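*Asks:* compute the structure for the input listed below.
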Amino acid sequence: MSIDLKTDGRFYELEEMVRANCQDCIGCCDCCTGMGDSIILDPYDVQVLKKELGKTMEQLLQQGLLSLGMDRGLVLPHIQMDPVSDRCPFLSGEGRCSIHAYRPGMCRLFPLGRNFEDGKLTYILLTEECKKRNRSKIKVSQWLGVTPAKTYHEFVFAWHEFRKKLTALLADMEEERIKEVLMFVLKAFYFDEELHAEDVFANLFWKIKDMEKRLGVCDNTD
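*Replies:* Model (predicted):
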């Protein structure tokens, strides 16, 4: 997406109303086309995909549904656009999302964005990125559609904070050590087949804390 994103100037809390409801995106799949490697997946996204599709991370990569790439200095998975149509591989022939019930967080957000500032997570409304007009109001939590909404919100913030700490840690490392740490983190959060147990959030919160201790990036209060 462009770095010159336009918003309505507001920062929305999780339970506030926002004019984001696209009425099921009927007749449109523009935001699922030509996205390159921009649909970055967090560990929750991947664990849910693995569980619902009955596939391992290796299979998702081998089948060309996901790819690995660099994002702000970290190796992370993203949705792999179809090389011929340049569309999301999960789109049906009719342009409908075949994984809508368990779609990634970045897809759930649109046309919202996330704002990490002052030690909290809020949401912004992108006013020109979606061509749908006359959108209706809906609660941010309802639009995201993940239950429990507050726990999901807290996980997204915790993952963001972990990424910040990891990026700062890598800045002082030599290249070979950086590669080792990146692969260690990637495998722990995305290839671990035990993470998608019943209480995936509890497992992910524990994993973040465990990795912070292993890497020595804990807050003083931890």
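*Asks:* straight-line length of stretch 62-81, end to end?
*Replies:* One end of stretch 62-81 sits 14 Å from the other (C-alpha to C-alpha, to the nearest Å).
*Asks:* let me redo that: stretch 37-48
*Replies:* Stretch 37-48 has an end-to-end distance of 20 Å (C-alpha to C-alpha).
*Asks:* same question for that stretch, mean pLDDT?
*Replies:* The average pLDDT within stretch 37-48 is 96.
*Asks:* got it, and stretch 81-101?
*Replies:* On average, stretch 81-101 scores 93.
*Asks:* then stretch 157-166?
*Replies:* 97.
*Asks:* give me the residues contacting it.
*Replies:* 42-44, 72, 74, 114, 116, 120-121, 181, 185, 204-205, 208, 211-212, 215, 217 (C-beta atoms under 8 Å, 6 or more residues apart in numbering). Where C-beta positions appear, they are placed from N, C-alpha and C, glycine not excepted.
*Asks:* break down this protein into its helices, ranges please.
*Replies:* Here the chain has its helices, by DSSP state H, at 43-53, 57-62, 105-109, 140-144, 149-170, 175-186, 200-215.
*Asks:* buried ones in the first one?
*Replies:* By neighbour count, with 16 or more other C-beta atoms under 10 Å as the criterion, the buried positions of helix 43-53 are 43-50, 53.
*Asks:* what is the nearest of those residues to Ala149?
*Replies:* Tyr44 (12.9 Å; C-beta to C-beta).
*Asks:* can you pull the contacts of that closest one?
*Replies:* Taking C-beta under 8 Å, 6+ apart, we find Tyr44 in contact with 105, 152, 155, 159, 200-201, 204.
*Asks:* least confident of these?
*Replies:* Val200 (91).
*Asks:* how about that one, nearest residue that isn't a chain neighbour?
*Replies:* Gln47 (5.3 Å; C-beta to C-beta, 6 or more residues apart in numbering).
*Asks:* same check, this time on Glu193
*Replies:* Thr56 (6.6 Å).
*Asks:* do you know the pLDDT at the residue in the chain sticking out farthest from the centre?
*Replies:* In the chain, counting by C-alpha atoms, centre = their mean, Glu174 sits farthest out from the average C-alpha position, at 28.3 Å. The model reports Glu174 with a pLDDT of 95.
*Asks:* could you do Phe116 as well?
*Replies:* So, for Phe116, pLDDT stands at 97.
*Asks:* residues in contact with it?
*Replies:* 157, 160.
*Asks:* so how far is Lys187 from it?
*Replies:* 26 Å (C-beta to C-beta, to the nearest Å).
*Asks:* any idea how far Val146 lies from Val48?
*Replies:* 9 Å.
*Asks:* and the residue farthest from the centre of the chain, how far is that from Gly145?
*Replies:* 43 Å.
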